[in-house]
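Engineer: Predicted structure and sequence below. I'll ask about it afterward.
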Amino acid sequence: MAGRRPGWSRAALVQLLLGVHLMVMPPIQARSLRFVTLLYRHGDRSPVKTYPKDPYQEEDWPQGFGQLTKEGMLQHWELGQALRQRYHGFLNTSYHRQEVYVRSTDFDRTLMSAEANLAGLFPPGGMQRFNPNISWQPIPVHTVPITEDRQARVPRTEHNA
């Protein structure tokens, strides 16, 4: 190419410097995971309201406006399974109340999202299986009334839960 000087490209220089830097850095001590905090929203939900001439009004949604859909339930169940894989070796394979605390806002869709997530995260096995036909176990989901919820400092309405 005309006008270019022969020599190293910027990318090659960066790779070389990074390689040298990694070789001379002292090894990092092994780290161990001690605590995890996860924060997430509810899964897919029905609309919270619609325009007046919309052919799909509240009665057209199985649980009404603003409720978790089957898709939202599946999303959180799959998220629970993904978290089980991600934290394999950190989490026990079974639910232990001393190790897990779940907090939700006091809306049906957020409580149901948490429950679906826990169903994927802690499928019952062994002593925790109380019915062979149900691959779910009850796990506490804690909440407080909306009017007393001080964890979220945002003015709360049904629409932004």
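Structural biologist: Thanks, I have the structure now.

Engineer: For my notes, confirm Glu59 occurs in a helix.
Structural biologist: Yes. Judged by DSSP: H, G, I helix; E, B strand; the rest coil, Glu59 forms part of a helix.

Engineer: Could you report the distance from it to Thr69?
Structural biologist: 15 Å (C-beta to C-beta, to the nearest Å). Just so you know, the C-beta spots here come from the backbone N, C-alpha and C atoms, and that holds for glycine as well.

Engineer: Also Thr50?
Structural biologist: Counting by C-beta to C-beta, the gap from Thr50 to Thr69 is 15 Å.

Engineer: Just the pLDDT at Tyr87, thanks.
Structural biologist: Looking at Tyr87, its pLDDT reads 93.

Engineer: no no, Thr147
Structural biologist: 86.

Engineer: Now it, what are its backbone angles?
Structural biologist: phi -70, psi -20 (degrees, to the nearest 10).

Engineer: Can you report how many residues neighbour the nearest residue to Leu33 once chain neighbours are set aside?
Structural biologist: In this structure, Leu33 finds its nearest non-sequential neighbour in Phe90, 5.1 Å apart by C-beta to C-beta, 6 or more residues apart in numbering. For Phe90, the tally of surrounding residues (other C-beta atoms under 10 Å) stands at 12.

Engineer: for Arg45, same thing?
Structural biologist: So Arg45, with other C-beta under 10 Å, has 23 neighbours.

Engineer: Could you double-check that it sits in contact with Pro62?
Structural biologist: No. Counting by C-beta atoms under 8 Å, Arg45 does not reach Pro62; the two are 11.7 Å apart.
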